[in-house]
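1. no FASTA, just this:
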């Protein structure tokens, strides 16, 4: 029975690779292979390559000082944090919010079997993310020191232990979120705030850890003797990677105990949480006269309501709106120190700092993409707007408006802060403000075009259009390329004409593209939307 | 009130509705019956303006759905076979959304919501998110939203599915009241007893083609509607 449920679970997770929801048919073998290869290149090629570079820099010096255990302890910690970050936001949904809970619970299947099958899904996600760190870490270590059988077995055991720890901690956090969610109102906001705090703490420690690591690596002699006695279980755990027998046994026992405790907690609480009807305090309805709104305001309010109703949507598509405040503050705080350094570095290239600042703000603005999945998110409710006396253009304009409102203000905030620290002349000032505005408009129009062209209305989990769709992938890469091109082209060819002319021409080109995109949306976009 | 002329709708090669003609006059409750996949939902969705059709014309109160879709939609309301509403809204927010789109004045809207929600016993749940509603509650909300702007014509796809007996009875009453005021109802159903008791006229569709239509007496004669339907299906 467990095998059957796991198979069903795996089919759901990897459904996108084998089944084209848009065309409602199985993908060809070639398409499946291309998709899997693309995913592998992205995950293991880019992210894995990044961690391989880090691991390569640490492996040899630490091993040379007989600190292989420290190397494995550090890499395991990074893997656990990344694994947690990768899976924690989806663990709650993965464990408890499956649409077939009632169906499975009504069948003669033990609850522990259902929970175990759900856990397999969470485990795979954790294994994927922790593996991105651990596999390159093991390869880098084995490359630095020719490993024996014990080291290879130890390394594999370490990889499994790390993924098991990620699983246990993710499940505990998922359980915690579930317990809170049962009682909360405004879940989406609270989940978003918790997630942002979590990300903030992660980055704080990440940067601190980098500083400490650099300091440690430069004073390796002094620290060598002091460390081994002071890190207790960390040392034992790290020694697993070196293939030492007793640490392997101790670590396996500890991790197994942790997993057993988590498994028991989940089994005991699963039915209650999975079948809980929204347990938040029931809001009492108070009759009042509603304020009448215009059609455009009504549709914008609807889109804004959709955006703020989902923590997944806010976190994945609107992070820039929050980060921009940090970016603006950082510009004002560190800008005065940073500007002379930039001026010194690019002193030989007049206007380079202007292009760098403006281009960076444009690149940041491309991080918001709430408009991209907005058409797909209509899902099965699409009949509502199609049966109401509103035009397709009214609906599309509301979607554009939300992206513009949530991106334009933060972008201008950053641009104004950049202006304050750069102190530009009149022409430069206009360009520093105008270019980001044109970019925000471009992002909104381009994102909506992608959303219409690659629409998927038959999703079963909102994460599919928000996080896993082709349109979102294209948008994010395109906007990254856009930012890189805006800056890179100046250094390649733009210097010849000077920053002012370069940015003016760039602005004209972007404005022209904006006009073309606007026209496309008003004609073909509207037609396509009406045909959905 | 609703005139469908030579409606043809294809999905690729498949003809879902083939040269369909129907006329629903003010004051009529018109039933639409047929087997699964016969073309009932396609016809309803075409009339509402959700689906574009290949041939023919549809007029709502004299307004062409093709030529002036917005004006046509202002005069009608639609209840789908599955009440997939905006789950991120509360019940009252959804009703106000519909009220704003149809420009129902605030005071009138308040009075109508009060009246309709009370009748369907949904008042206490209006501040709850639609996501927390049962299927029946969503169906009630869909019905309330359809009646909110007092449309001249309501098109309903299996409107009684999910409603409890009290709510189903109330809906039948409201359908009759609307028609008595000069409105019209066009609805599909598989419950032939309901159609037989409630409808003034009925149309039977098979494989996209209208095979019989008219007053209930004309269609069924001395037999029951079920007998007539089964006999036509077997042909």
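-> Ah, there it is. These numbers were taken from a predicted model, which means no experiment stands behind them. Numbers count the residues shown, from 1 in each chain, chains lettered A, B, ... in the order given.

2. count of residues packed around the residue nearest to residue A:314 when sequence neighbours are not counted?
-> Distance criterion Cβ to Cβ, 6 or more residues apart in numbering or on different chains; nearest residue to residue A:314, sequence neighbours excluded, is residue A:192 at 4.9 Å. C-beta: built from backbone N, CA, C; applies to glycine. If you count neighbours by other Cβ atoms under 10 Å in any protein chain shown, residue A:192 ends up with 21.

3. Helix or strand with the lowest mean pLDDT in chain A?
-> Ranked by mean pLDDT, DSSP states H and E, the helix or strand of chain A with the weakest confidence is helix A:220-230, at a mean of 59.

4. which other residues reach the very next helix or strand once past it?
-> Of the helices and strands lying after helix A:220-230 in sequence (DSSP states H and E), the nearest is helix A:233-241. Applying Cβ atoms under 8 Å, 6 or more residues apart in numbering or on different chains, the contact partners of helix A:233-241 are A:68-74, A:76, A:138, A:141, A:151, A:154-155, A:157-158, A:161, A:228, A:247-248, A:250-251, A:254.

5. Among those, name the ones in strands.
-> With strands taken from DSSP state E, there is no overlap with the contacts of helix A:233-241.

6. Buried subset of these as a PyMOL selection?
-> One line in PyMOL is enough to select the buried ones among the contacts of helix A:233-241; burial here means 16 or more other Cβ atoms under 10 Å in any protein chain shown:
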select buried, chain A and resi 68+69+70+71+72+73+74+76+138+141+151+154+155+157+158+161+247+248+250+251
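
7. and residue A:530, what helix or strand is that in?
-> With DSSP H and E as the criterion, residue A:530 is inside helix A:526-531.

8. err, residue A:170, not the other one
-> helix A:149-183.

9. That helix and chain B in contact?
-> No. Residues of helix A:149-183 contacting chain B under Cβ under 8 Å from any Cβ of the partner chain: none, with a closest distance of 12.3 Å.

10. now for that helix, which elements pack on it?
-> helix A:68-96, helix A:111-144, helix A:187-218, helix A:233-241, helix A:245-274 (3 or more Cβ pairs under 8 Å, 6 or more residues apart in numbering or on different chains; DSSP states H and E).

11. least reliable of those going by mean pLDDT?
-> The minimum mean pLDDT among the helices and strands packed on helix A:149-183 belongs to helix A:187-218 (a mean of 70).

12. got the contact list for the helix or strand harbouring residue A:384?
-> Following DSSP H and E, one finds residue A:384 within helix A:382-387. For helix A:382-387, contacts defined as Cβ under 8 Å, 6+ apart pick out A:378, A:395, A:457, A:530, A:532, B:45, B:48-50, B:73, B:78, B:80, B:84-86.

13. Restricted to strands, list these.
-> Per DSSP E, strands hold the following members of the contacts of helix A:382-387: residue B:78.

14. Among the contacts of helix A:382-387, which one lies nearest to residue B:126?
-> Distance to residue B:126, by Cβ to Cβ, is smallest for residue B:85 among these, at 12.9 Å.

15. does stretch B:121-135 come close to chain A?
-> Yes. Counting by Cβ under 8 Å from any Cβ, chain A is contacted by stretch B:121-135 at B:123, B:124, B:125, B:126, B:127, B:128, B:129, B:131, B:132.

16. Could you provide the residues you listed in a markdown table, with additional columns for neighbour count, pLDDT and secondary structure?
-> Converted to a markdown table, these look like this (neighbours: other Cβ atoms under 10 Å in any protein chain shown; pLDDT from 0 to 100; DSSP: H, G, I helix; E, B strand; the rest coil):
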| residue | neighbour count | pLDDT | secondary structure |
| --- | --- | --- | --- |
| B:123 | 17 | 93 | helix |
| B:124 | 11 | 91 | helix |
| B:125 | 23 | 91 | helix |
| B:126 | 22 | 92 | coil |
| B:127 | 15 | 91 | coil |
| B:128 | 20 | 89 | coil |
| B:129 | 20 | 90 | strand |
| B:131 | 14 | 87 | helix |
| B:132 | 16 | 86 | helix |
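
17. how far away is residue A:50 from residue A:42?
-> 12 Å (Cβ to Cβ, to the nearest Å).

18. which residue is nearest the middle of chain B?
-> Nearest to the geometric centre of chain B sits residue B:156, at 1.5 Å (Cα atoms, centre = their mean).

19. And for chain A?
-> Nearest to chain A centroid, counting by Cα atoms, centre = their mean: residue A:316, 5.9 Å.

20. Got the confidence number for that one?
-> pLDDT, read off for residue A:316, is 81.

21. any idea how far it lies from residue B:233?
-> 50 Å.

22. And for residue A:488?
-> Taken as Cβ to Cβ, the span from residue A:488 to residue B:233 is 69 Å.

23. Write out the residues of chain A neighbouring chain B.
-> Counting by Cβ under 8 Å from any Cβ, the residues of chain A near chain B are A:277-278, A:282-295, A:297-298, A:301-302, A:305-306, A:309-310, A:379-381, A:383-384, A:386-391, A:530-531.

24. Next, the residue in chain A positioned nearest to chain B: phi, psi?
-> Across chain A, the shortest distance to chain B (Cβ to the nearest Cβ) belongs to residue A:309, at 3.4 Å. Taking degrees, to the nearest 10, you get phi -80, psi -10 for the backbone angles of residue A:309.

25. Around it, count how many other residues there are.
-> Residue A:309 has 20 neighbours, counted by other Cβ under 10 Å.

26. excluding its backbone neighbours, what's nearest it?
-> Distance criterion Cβ to Cβ, 6+ apart; nearest residue to residue A:309, sequence neighbours excluded, is residue B:88 at 3.4 Å.

27. which SS state does that neighbour fall under?
-> Following DSSP: H, G, I helix; E, B strand; the rest coil, residue B:88 is assigned to coil.

28. now it: how far from residue B:129?
-> Between residue B:88 and residue B:129 the distance is 7 Å, computed by Cβ to Cβ.

29. Same check on residue B:17?
-> According to Cβ to Cβ, residue B:17 and residue B:129 sit 37 Å apart.

30. quick one: buried residues of stretch A:406-423?
-> In stretch A:406-423, counting by 16+ other Cβ under 10 Å, buried: A:406-408, A:410-415, A:417-419, A:421-422.

31. Keep only those of the residues you listed that are in helices.
-> Among the buried residues of stretch A:406-423, the subset assigned to helices under DSSP state H consists of A:406-408, A:410-415, A:417-419, A:421-422.

32. I'd guessed residue A:366 sits against residue A:443; true?
-> Yes. The pair residue A:366 / residue A:443 is scored as a contact, 5.4 Å apart, by Cβ atoms under 8 Å.

33. what sits in contact with each of these two?
-> Here residue A:366 and residue A:443 have residue A:479 as joint contacts, going by Cβ under 8 Å, 6+ apart.

34. okay, these two: which has more neighbours?
-> residue A:443 (28 against 24).

35. for that one, what are its contacts?
-> With Cβ under 8 Å, 6+ apart, residue A:443 has these contacts: A:365, A:366, A:368, A:369, A:371, A:403, A:407, A:475, A:479.

36. next one: residue A:1
-> By Cβ under 8 Å, 6+ apart, the contact set of residue A:1 is A:109, A:110, A:113.

37. Can you flag the buried ones in these?
-> Among the contacts of residue A:1, those classed as buried by neighbour count (16+ other Cβ under 10 Å) are A:109, A:113.
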